[in-house]
Each structure stands twice: as C-alpha cells, then as structure tokens.
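1. this one's structure only:
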C-alpha cells in the first residue's frame, strides 16, 4: 500500500525506466517508484464533482507529470466497483463508501456484504445481510 506522503515522491525528475503496473488489473502505474498513472472513479461528466476531479487531475499532470484517467458513473455501484476490483486507484464518492462498508441500500447483497473485522475485504469472509 502506498503511503500518502509517497504519492508524488520528491521533485519531478525525468523518468528513465518503462512504466510498470502495480499488479494485474490495478489502475495505477509506477515509474521509478513514483506514481505515473492513476485511475479515479467519480460522478458523471455533467456534475460539479467531475469538474473538481478534472481540475485536480489537470494540475497533477502539469505539476508532477502524473497522468490521471477519470472513469465516470451515475450510480453508486458504478463508482465503487472499479475501486473494489482494483481497476481504479482512487474514487471520489459521496455516501456510497459508507453504504458499501455497512452493506446498506444498493450494497445490501451477499456480494458486497458487511466486512468482518480483520477480513481485509476478503469476499469469502463477508457476512450476509
């Protein structure tokens, strides 16, 4: 897991090694130990939240040469699924992260279910609602 202070790393030195994915299916690419590409799941393109995420992505690209891919969805499940599956590095969400954790509303299914303490998100250790 990448620590917050290691997110951008020191300075913006030119990259010399080819980019490498963290693991198959993960929405991040490291280059020389620094984040080179990330995927962010967020609200649809017509929202103010999308505009905020796009502005941050643009600033990060300009300042630190970190490419940000924005994946949009108009549903809570659509924003959380890429994060849960590892296809997105980050997600800009609303209450859905709480609903997913507590297995409430549209997340009240065996697939999402409430996580047991110490389960580390392992679906086999989820409880039915």
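-> The structure has been received and is ready for your questions. Quick caveat: nothing in here was measured; it's all calculated off a predicted structure.

2. which stretches in this protein count as strands?
-> Using DSSP state E, the strands of the chain run over 20-21, 28-31, 34-42, 67-72, 90-91, 114-115, 126-127.

3. so for residue 100, which of these sits nearest?
-> strand 114-115 (9.4 Å; CB to CB). Using the backbone N, CA and C atoms, a C-beta is placed for each residue, glycine as well.

4. for the protein, which helix extends over the most residues?
-> In the chain, assigned by DSSP state H, the helix with the most residues is helix 48-64.

5. show residues contacting that helix.
-> 8, 12, 40, 42-44, 66-68, 70, 72, 92 (CB atoms under 8 Å, 6 or more residues apart in numbering).

6. most widely separated two among the residues you listed?
-> 12 and 44 (31.4 Å).

7. quick one: closest of the strands of the chain to residue 97.
-> strand 90-91 (7.5 Å).

8. okay, the strands of the chain in TSV with mean pLDDT, distance to residue 81 and mean neighbour count next?
-> Below are the strands of the chain laid out as TSV (pLDDT from 0 to 100; distance: least, CB to CB, whole Å; neighbours: other CB atoms under 10 Å):
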stretch	mean pLDDT	distance to residue 81	mean neighbour count
strand 20-21	49	19	12
strand 28-31	82	17	18
strand 34-42	89	8	21
strand 67-72	92	10	16
strand 90-91	90	10	18
strand 114-115	62	16	17
strand 126-127	40	15	14
